[in-house]
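In: fold the stuff below for me.
(one chain, ligands or ions: 1)
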Amino acid sequence: MPVYFIQSRSIQNDRVVLTGDLAHHLGAVLRCRVGEIVHLVDEDRVRYRSELSQIVEKRIIATILERERPVPRRIPAVTLAQAVLKGDKMDWAVQKAGELGVNVIIPVVTERTIARPRAERARHHRDRWQTIAKEASQQCGRLDYADVKPVVSLDDLFKNPPEASLKLVPWEQEQGRSLKAALQNLKEETSVAILIGPEGGFSPREIENAREAGWVSVSLGPRILRAETAGVAVLAIIEYELNEV
Ligand code: SAM
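Out: Sure thing, here's the model as predicted:
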């Protein structure tokens, strides 16, 4: 059952005023009718079972039938720092990360990044990835969505690392440490960050700098996974380790 994200400021008593993309999606795309039930969730993760009571062009009124308590935010928070990938592979990686519960997505430009977002297009890319992350949550019934940060360079990521007590960088040349070994104490960790390289991987200098910045290099096994596959694989394993699946 999809949930739709609203801002709590759109609630007036027991009425919710839906406008913009959401009103268009419900009205014009899904062609919802008065009387239909929709599930809305606000930025505090409070869920509202609501009935559409008025549908006019670009503005829909829903009446709240039931407020459900906020679902506690999952711990540990998971951050995916993903080297920007070519074409729709980055869109796909963002969408899968959203379905797999990631809390923060940081697009990263590395030495071997092929698709370097131009500065004047960075906002456009970020907005698009943010929409994809939101839609991924809506589709899978997640009560929140991943926060997509501005594109950063790898050096900046190392200078301003994400909030994470465990920072992992899967590296296909890592011989000594498996992901399994690195995740052994995950449950006690409050948060974890994963850094996935681009199609051409990380340079030895980048791995050196990552280690100096406190990122732990891990192997994902003997097969070389596509960058987008590696991110999904690691996130799914973290979900499993957290007994979320
Ligand atoms: N450097 C290789 C190349 O040029 O074919 C592959 C890079 S791989 C496509 C992209 C990213 O996925 C890597 O930077 C790494 O983060 C991750 N990755 C893929 N396979 C992996 C493995 N077996 N172990 C650890 N990380 C892996």
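In: C-alpha only now, for contacts and for neighbours.
Out: Will do.
In: Ser203 reaches Glu111, doesn't it?
Out: Yes: using C-alpha atoms under 8 Å, Ser203 is in contact with Glu111, at 7.3 Å.
In: neighbour count winner among those two?
Out: Counted by other C-alpha atoms under 10 Å, Ser203 and Glu111 do not tie: Glu111 has more neighbours, with 17 against 14.
In: just to be sure, Gly200 is in a strand?
Out: No: per DSSP: H, G, I helix; E, B strand; the rest coil, Gly200 lies outside any strand segment and is coil.
In: how about the residues of this structure near the ligand?
Out: Within the chain, the positions lying close to the ligand (C-alpha under 6 Å from any ligand atom) are 170-172, 196-202, 218-227, 230.
In: in helices, which of the residues you listed appear?
Out: Counting by DSSP state H, the part of those found in helices is 227, 230.
In: where does the chain have low pLDDT?
Out: 73-75, 188-189, 243-245 (pLDDT under 70).
In: can I see the domain layout of it?
Out: 4-68, 77-243 (automatic domain parsing).
In: looking at the ones you listed, which is buried most?
Out: Comparing the domains of the chain by mean neighbour count (mean count of other C-alpha atoms under 10 Å), domain 77-243 ranks first with a mean of 19.
In: identify the residues contacting Asp14.
Out: Under the criterion of C-alpha atoms under 8 Å, 6 or more residues apart in numbering, the neighbours of Asp14 are 63-65.
In: quick one, phi/psi of the spatially most central residue of the chain?
Out: In the chain, the centroid-proximal residue (C-alpha atoms, centre = their mean) is Ala146; its distance is 3.3 Å. Main-chain torsions, Ala146, degrees, to the nearest 10: phi -70, psi 140.
In: correct me, but it touches Leu100?
Out: No: applying C-alpha under 8 Å, one finds Ala146 not in contact with Leu100, separated by 9.8 Å.
In: how about Val191: what's its closest non-neighbour residue?
Out: Just so we're on the same page, residue 191 is Ser rather than Val. Spatial nearest neighbour of Ser191, chain neighbours left out: Pro76 (4.2 Å); criterion: C-alpha to C-alpha, 6 or more residues apart in numbering.
In: strands of this protein, residue ranges please.
Out: Applying DSSP state E to the chain gives strands spanning 3-5, 11-12, 15-18, 37-41, 47-56, 59-68, 77-83, 104-109, 147-148, 152-153, 166-170, 191-196, 216-218.
In: who are the packing partners of the lengthiest helix in the chain?
Out: The longest helix of the chain (DSSP H) is helix 119-140. Counting contacts by 3 or more C-alpha pairs under 8 Å, 6 or more residues apart in numbering; DSSP states H and E, helix 119-140 is packed against strand 3-5, helix 88-99, strand 147-148.
In: I appreciate the help and will end here.
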